[in-house]
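Chemist: this one's structure only:
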């Protein structure tokens, strides 16, 4: 009876191990897929949404808009040529014209509305 238990136990363990391997194989693929889905919704999707808003803002720039550049320069658009802008910065006798790339615009400054 002792020999039957000793020899029968490894066979039962091997059968259970084969079933467990199939289950762990599914969980091994499921975990990375779930992590990629979470990564998409936490990082990739919001960034794409932000990029879409920036492209839309850049496409709607017009002469006369007051802008802020990524370098911190405030100015008013005086001319638009392809992907370049000429902005006017300063006041009175200290007015200067600066040529910048369109992608350097951080935001369009809206006037205060009461």
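Modeler: All right, it came through fine. All figures in this text were calculated on a predicted structure; none of them were measured in a lab.
Chemist: Let me see the domain layout of the protein.
Modeler: Here the domain parsing of the chain from automatic domain parsing is 1-60, 62-108.
Chemist: Next up, the contacts around residue 33.
Modeler: By C-beta atoms under 8 Å, 6 or more residues apart in numbering, the contact set of residue 33 is empty. For the C-beta atoms, the positions are set from N, CA and C on the backbone; glycine is no exception.
Chemist: Repeat that for residue 23.
Modeler: By C-beta under 8 Å, 6+ apart, residue 23 has no neighbours at all.
Chemist: To which secondary structure element is it assigned?
Modeler: Assessed by DSSP states H and E, residue 23 sits inside helix 2-39.
Chemist: ok, now residue 52?
Modeler: helix 45-59.
Chemist: and the helix or strand following that helix, what does it pack onto?
Modeler: With elements assigned by DSSP H and E, the helix or strand that comes after helix 45-59 is strand 66-69. Contacts defined by 3 or more C-beta pairs under 8 Å, 6 or more residues apart in numbering; DSSP states H and E place strand 66-69 against strand 74-81, strand 84-89, strand 105-108.
Chemist: Which phi and psi values does residue 109 adopt?
Modeler: When read as degrees, to the nearest 10, the backbone of residue 109 gives phi -90, psi 120.
Chemist: where's the residue most central in space within the chain relative to residue 39, distance?
Modeler: Closest residue to the average C-alpha location of the chain: residue 47 at 2.2 Å, with C-alpha atoms, centre = their mean. With distances taken as C-beta to C-beta, to the nearest Å, residue 47 is found 11 Å from residue 39.
Chemist: same thing with residue 71?
Modeler: Using C-beta to C-beta, residue 71 is found at 32 Å from residue 39.
Chemist: Kindly report the same for residue 95.
Modeler: 48 Å.
Chemist: thinking again about what came up before, contacting residues around the helix holding residue 52?
Modeler: Residues outside helix 45-59 that contact it (C-beta under 8 Å, 6+ apart): 102-103, 105, 107-108.
Chemist: Give me the buried entries from the residues you listed.
Modeler: residue 105 (16 or more other C-beta atoms under 10 Å).
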